[in-house]
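Colleague: Sequence and predicted structure are below.
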Amino acid sequence: MKTRIAAALAALAFAAPLAAEEAAPAPAAASVAGEWRTFTTEAYRGKRDSVSFVDENHGWYGTGAGDLFATRDGGATWEKVASRPGTFVRAVGFVDRLNGFIGNIGTDYYPGVTDTTPLYRTRDGGRTWEAVETGEATIKGVCAIDILTVKRIYQGQLVPRTVIHAAGRVGGPTGILRSVDGGETWSVIDMSAHAGMILDVKFFDEMTGLVFAATNADPAQAEGLVLRTEDGGKSWREVYRSGRKFELIWKASFPEGGETGYATVQSYDPERATQLVIRSDDKGKTWREIEIAQDKTARQFGIGFVSKDVGFVGTAAGGFATRDGGQTWERAPIARAANKFQAVPTATGQRLYAIGTEVQAIDLPR
């Protein structure tokens with residue numbers, strides 16, 4: 001059973017080629033508020049895992065083949081700016097148009113991955129990468145990158161300060177790379193005593209943050225888990241545990257400036273049809289479960305909310321949407337396995353990007 005479930009976790013990254021009618025990406029449609037549009041991208045035979053935009057025009061995504069792509073026109077066109085075979089780009093996070101970080105899943109999980117460096121830094125928009133140096137201590141691989149800009153008092157003035165966390169990984173072992181000076185220096189947080197896998201990370205300020213995780217590295221024994229810190233990762237408190245085996249907390253979404261956030265409960269129980277998300281209204285101190293659907297095929301991946309009420313979930317069976325904070329859900333035309341969502345402000349509202357088997361976006365009015 002353990003082998004079958006571990007294989008299922010990897011399947012979407014190294015899936016068989018899509019059927020002919022799915023293989024050709026749909027052309028980018030004209031921007032229409034409230035309608036999802038699919039961008040033309042280089043063919044890839046699995047899901048892409050992460051997308052990062054610094055504004056509505058400039059963004060990046062990576063693939064398990066080690067390729068990094070960039071756009072300067074909001075996704076209408078993409079350029080391959082780097083290729084590093086043997087690296088599995090699992091997470092991407094950019095601070096601005098030049099400076100960013102690329103997370104690698106690491107070895108001993110997916111076949112064909114030979115790169116042991118968990119995190120890279122770029123200073124030229126992704127064209128060249130340098131390994132993040134952490135000394136002798138490091139982590140095995142990265143599944144999520146969180147970038148937060150805070151302000152601190154320096155010589156009598158408020159100046160910006162960039163806090164970065166890179167966490168992982170699926171299948172374990174678990175750890176977090178942490179920088180509070182924009183990536184110049186790093187510390188390593190060993191999370192092996194707290195979680196068997198880490199799939200996502202979110203910090204609200206320099207000290208207060210959450211990891212979205214599983215209790216065990218073996219999916220057959222894993223329960224969904226959320227941990228919270230209030231001291232910059234020195235100590236952690238369990239704030240949610242699913243109580244069911246075969247479950248992970250995959251991805252989370254907290255709309256900017258809000259107390260309310262959501263996370264996906266990913267189940268590998270082949271008999272479980274109930275699909276749940278969890279919701280917090282106090283920045284992750286407490287959580288409650290919300291049902292999305294009864295559908296065995298709708299294994300969840302990414303989640304993206306643009307307000308406390310309006311949000312979307314990506315699943316293996318396509319997308320779901322809510323406009324009432326999860327009380328009701330309806331199917332949404334999102335491509336299969338949307339693994340990561342990101343909202344960026346526009347002149348008229350917000351644009352929400354989604355990445356999985358396709359790269360998509362929707363414009364939502366204020």
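Modeller: Okay, I see it.

Colleague: so residue 123 sits right up against residue 97, yeah?
Modeller: No: with contact defined as Cβ atoms under 8 Å, residue 123 does not reach residue 97; the gap is 10.9 Å. Just so you know, the C-beta spots here come from the backbone N, C-alpha and C atoms, and that holds for glycine as well.

Colleague: Have a look at these two and say which one is more surrounded.
Modeller: More crowded of residue 123 and residue 97, by other Cβ atoms under 10 Å: residue 97, with 16 against 13.

Colleague: Just say helix, strand or coil for that one.
Modeller: coil (DSSP: H, G, I helix; E, B strand; the rest coil).

Colleague: For it, what are phi and psi?
Modeller: phi -70, psi -20 (degrees, to the nearest 10).

Colleague: Provide a list of residues in contact with it.
Modeller: Shown in contact with residue 97 (Cβ atoms under 8 Å, 6 or more residues apart in numbering): 54, 58, 125.

Colleague: Swap in 10 Å and give it another go.
Modeller: Residues near residue 97 by Cβ atoms under 10 Å, 6 or more residues apart in numbering: 54-55, 57-60, 70, 72, 124-125.

Colleague: And those, which of them are buried?
Modeller: 54, 57-60, 70, 125 (16 or more other Cβ atoms under 10 Å).

Colleague: Can you tell me which of those residues end up in helices?
Modeller: In helices, judged by DSSP state H, none of these are found.

Colleague: which ones among those are found in strands?
Modeller: Counted as lying in strands by DSSP state E, out of the buried ones among the contacts of residue 97, are 59-60, 70.

Colleague: and of these, the nearest to residue 102?
Modeller: For those, the minimum distance to residue 102 (Cβ to Cβ) is 8.6 Å, reached by residue 60.

Colleague: residues in contact with that closest one?
Modeller: 50-54, 68-71, 78, 81-82, 89, 92-94, 97, 100, 102, 122, 125-126.

Colleague: If any of these are buried, give me the PyMOL selection for them.
Modeller: Buried subset of those, written as a PyMOL selection, criterion 16+ other Cβ under 10 Å:
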select buried, resi 50+51+52+53+54+68+69+70+71+78+81+82+89+92+93+94+97+100+102+122+125+126
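
Colleague: ok so, going back, what's the closest of the ones in strands among the buried ones among the contacts of residue 97 to residue 353?
Modeller: For these, the nearest to residue 353 is residue 59 (6.9 Å; Cβ to Cβ).

Colleague: Apart from its chain neighbours, what residue comes closest to the closest one?
Modeller: Closest residue to residue 59 apart from its sequence neighbours, by Cβ to Cβ, 6 or more residues apart in numbering: residue 53 at 3.7 Å.

Colleague: Would you check that that neighbour makes contact with residue 354?
Modeller: No: counting by Cβ atoms under 10 Å, residue 53 stays clear of residue 354, with 11.6 Å between them.

Colleague: Mind listing the shared neighbours of those two?
Modeller: Here residue 53 and residue 354 have 342, 361 as joint contacts, going by Cβ under 10 Å, 6+ apart.

Colleague: Report the separation between the residue nearest to residue 59 and residue 132.
Modeller: Going from residue 53 to residue 132 by Cβ to Cβ, to the nearest Å gives 22 Å.

Colleague: again with residue 62
Modeller: Residue 62 sits 16 Å away from residue 132, going by Cβ to Cβ.

Colleague: Which of those two has more residues huddled nearby?
Modeller: When residue 62 and residue 132 are compared for neighbours, residue 62 comes out ahead with 27 against 21, by other Cβ under 10 Å.

Colleague: in terms of contact, does the more buried one touch residue 69 like I think?
Modeller: Yes: under the criterion of Cβ under 10 Å, residue 62 makes contact with residue 69 at 7.3 Å.

Colleague: need the contact list for the nearest residue to residue 217 once chain neighbours are set aside.
Modeller: Excluding the flanking residues, the one nearest residue 217 by Cβ to Cβ, 6+ apart is residue 172, at 3.4 Å. For residue 172, the contacting residues are 109, 140-141, 191-192, 195-198, 213-214, 216-218, 222, by Cβ under 10 Å, 6+ apart.

Colleague: For ChimeraX, write the selection for the buried entries among those residues.
Modeller: Buried residues among the contacts of residue 172 (16+ other Cβ under 10 Å), as a ChimeraX selection:
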select :109,140,141,191,195,196,197,198,213,214,216,217,218,222
